[in-house]
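J.: what's the 3D shape of this:
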Amino acid sequence: MTETFWIAATVLIILALAFVLYPVIFHGRDTRHQTDLRNQNLMAYRSRMAELESEYQSGIIDDETYQQLRDELAGAMLDDVPENESPVRTVPGRKAAMAVALLSILLIPAATFLLYDEWGAMDRVEAFVAMQELGTSDGAREAQMSKLADQLRERLEASPDNPDGWAMLGQTYMRIERYEDAAWAFRKLADSVSSDDGSRAVALGMSAQAQFFRSKGAMTDEVTSAINEARALNPDEVNSLGLLGIHSFSQGNYREAIDYWERIQTVAPDHPQLASIQGGIKEAYTRLGEQPPAMDGSPVSQAGGAGVSVRVTLDEAFKEDIPADTTLFLFARAAKTQSGPPLAVVRLTADALPLEIRLDDSYAMAPQAVISGVDEVVVTARLTRSGNINAQPGDWQGTTDSPVAVSEDQGSPITLVIDKQLIN
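T.: Residues are numbered from 1 along each chain as shown. All right, here's what the predicted structure looks like:
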C-alpha cells in the first residue's frame, strides 16, 4: 500500500514540475531565437548604413542617390527594428529562468513530502485498508485475520483517534478468541469517544463482555469493574445488563436475571438477540415455577431454530456419592476449536437427572457466540460442588465422544452419560 501511494505521488510531482518547467524552458528558447534574429537584422542594417555613409563621403554616390538608398534601407528595416534600438542582452533573464527551474526541482518534491508528513492521512488510509481486508475475511483465514488485526493495531496506535477502527479491531479479536486483546481494544474505543457518555458506556460494556469470555463465564474483578464503569455512565447499558442477567441465572438468582433481561427488552426493543433474551426470561420463570407473562400481547418467543437435543444421565456408580443439590452445568462448545466461552450453557442441579433438553440460541451467553453459528459442537455435562463452571478436581463429567451436528431437526436426542470423576 505504501509503495503504491508513493509511486502515484511521484508521478503527480513530475507532472507538477512539468507545468512549472515547460514555460521556462521552451518559452525561453523561442524568446532567445527571436531576440537573436532581431539583433542580427539590426547589425546588418547598421553595417549597410555604415557602407552607404562611407561611399557618400568618398564621392562614389551623389546626394540624391545617397538619400534614396538610405530611405529604402530604413523603410525595409523599420518594422523589425526601430532605428535607435540597441542589441538586447538575454543572458541575465536566462540565468533567472534556470534558477527558477532548479529551485522548483528541489523544493516541490521536498515540500510535498514534508507537508504530507505533517498534515497527511496515510496512517488512516492504511488503517482503512486493513479494516476492509478484515471485513472480507472468514473463519478459514483465522491466521491471516490475526495478522491483519495486528497490522490494524499498529496503525491505530500511531493514530488513535479512530473509533471505527478500534471497534473493528475489538470485534475481530473477539471473532478469533483473543479476548484479552479484545478487552484492551474496546478500552481504547472508550478512550476515543470519551466526550460521549453513551458511546463510552457501550465500549466499556463490550470490554466487560470480552473479559467475561476470557474468564470462561466467571464474574472476575476485571469484569465487575468494567460493568460498574459502564453503568455509572448509563445504568441501562445493554451489554452490562446481559452479563449481569447471565451471572444471576447461573447462580440460581432467577428473579434477578429476569429483572436484568426484561430491562433490556424495555430499553432496546430492537436488540438483535431479543429472541434469545426472551428465551432466557421464559426459562427463568419456568425455574421459578411460574407462567411467563405475555409480551406485547403475545406469548414469549423462543429462539428455537438450530441446536442439538441431548439426554443426560448419571452413571450408576456415582449416584450414591452425589448430593441432590450439586450444581449441574450442561454446555456446548464449537467442535472446531473447543475453546472460548460456551455457545450454549444451562445450569441445573443433580436432582434434575436424568433430563432431556434442547440446546439452542436461547441459552447463548452473548449475542456474538451462538450455537446456530457453527456446524458442529462438543457437548459436556459437569457436576460440581464448587458451583464454578470451570473444571475442578473432584468434579464429575461426561462429554460426547464425537462432534454433534447442529441442525433444526428436533428428532431423537443424543445420549450423554456423566461417567468419570476428574482427578486434576
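J.: contact partners of stretch 258-268?
T.: 236, 238, 241-242, 244-245, 248, 271, 274, 277-278, 280-281, 284-285, 295 (Cβ atoms under 8 Å, 6 or more residues apart in numbering). For the C-beta atoms, the positions are set from N, CA and C on the backbone; glycine is no exception.
J.: Can you give me every residue that contacts residue 364?
T.: So residue 364 contacts 273, 276, 303, 343, 344, 370, 371 (Cβ under 8 Å, 6+ apart).
J.: can you confirm residue 332 is in a strand?
T.: Yes. Under DSSP: H, G, I helix; E, B strand; the rest coil, residue 332 falls within a strand.
J.: ok, it to residue 235 distance?
T.: Residue 332 sits 33 Å away from residue 235, going by Cβ to Cβ, to the nearest Å.
J.: hmm, back to that, tell me the two of the contacts of stretch 258-268 that are most distant?
T.: Based on Cβ to Cβ, the longest span within the contacts of stretch 258-268 runs between 236 and 285 and measures 21.8 Å.
J.: Neighbour count for these two, which is higher?
T.: residue 285 (17 against 13; other Cβ atoms under 10 Å).
J.: Show me how the chain divides into domains.
T.: 2-119, 250-302, 307-421 (automatic domain parsing).
J.: which stretch in those has the least confidence?
T.: For the domains of the chain, mean pLDDT drops lowest on domain 2-119, to a mean of 62.
J.: Quick check: residue 181 touching residue 174?
T.: No. Residue 181 is beyond contact range of residue 174, at 9.2 Å (criterion: Cβ atoms under 8 Å).
J.: Using PDB, write out every CA atom in stretch 180-198.
T.: Extracted C-alpha coordinates of stretch 180-198, given in PDB (Å, rounded to 0.1, in the frame of the first residue of the first chain):
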ATOM      1  CA  GLU A 180      -7.700 -10.100  26.400                       C
ATOM      2  CA  ASP A 181      -6.700  -8.100  23.300                       C
ATOM      3  CA  ALA A 182     -10.400  -7.500  22.600                       C
ATOM      4  CA  ALA A 183     -11.000  -6.100  26.000                       C
ATOM      5  CA  TRP A 184      -8.000  -3.800  25.500                       C
ATOM      6  CA  ALA A 185      -9.200  -2.600  22.100                       C
ATOM      7  CA  PHE A 186     -12.700  -1.800  23.500                       C
ATOM      8  CA  ARG A 187     -11.000   0.200  26.300                       C
ATOM      9  CA  LYS A 188      -9.200   2.200  23.600                       C
ATOM     10  CA  LEU A 189     -12.500   2.600  21.900                       C
ATOM     11  CA  ALA A 190     -13.900   4.000  25.100                       C
ATOM     12  CA  ASP A 191     -11.000   6.500  25.300                       C
ATOM     13  CA  SER A 192     -11.600   7.600  21.700                       C
ATOM     14  CA  VAL A 193     -15.200   8.500  22.500                       C
ATOM     15  CA  SER A 194     -14.700   9.900  25.900                       C
ATOM     16  CA  SER A 195     -16.800  13.000  25.100                       C
ATOM     17  CA  ASP A 196     -19.900  10.900  24.500                       C
ATOM     18  CA  ASP A 197     -21.000   9.100  27.700                       C
ATOM     19  CA  GLY A 198     -23.400   6.800  25.800                       C
END
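J.: Which residue ranges of the stretch 201-350 of the chain form strands?
T.: For the stretch 201-350 of the chain, the strands defined by DSSP state E, counting those that start in this stretch cover 307-314, 327-334, 344-349.
J.: Okay, buried residues for the shortest one please.
T.: Right, the one you point to is strand 344-349. By 16 or more other Cβ atoms under 10 Å, the buried positions in strand 344-349 come out as 344, 345, 346, 347, 348.
J.: Equivalent analysis for the first one, please.
T.: For strand 307-314, the buried set under the neighbour-count rule, 16+ other Cβ under 10 Å, comprises 307, 308, 309, 310, 312, 313, 314.
J.: likewise stretch 197-217?
T.: Neighbour-count burial for stretch 197-217 flags 199-217 (criterion: 16+ other Cβ under 10 Å).
J.: burial of the closest residue to residue 384 other than its chain neighbours, as a residue count?
T.: Among residues not flanking residue 384 along the chain, residue 395 sits closest, at 4.5 Å (Cβ to Cβ, 6 or more residues apart in numbering). Residue 395: 21 surrounding residues under other Cβ under 10 Å.
J.: do the one 3 residues further on as well
T.: When counting by other Cβ under 10 Å, one arrives at 21 neighbours for residue 398.
J.: bridging residues for it?
T.: Taking DSSP bridges as the rule, residue 398 bridges to residue 381.
J.: Wait, it touches residue 416, no?
T.: Yes. Using Cβ under 8 Å, residue 398 makes contact with residue 416 at a distance of 5.3 Å.
J.: what do the two both touch?
T.: Joint contacts of residue 398 and residue 416 (Cβ under 8 Å, 6+ apart) are 312, 381.
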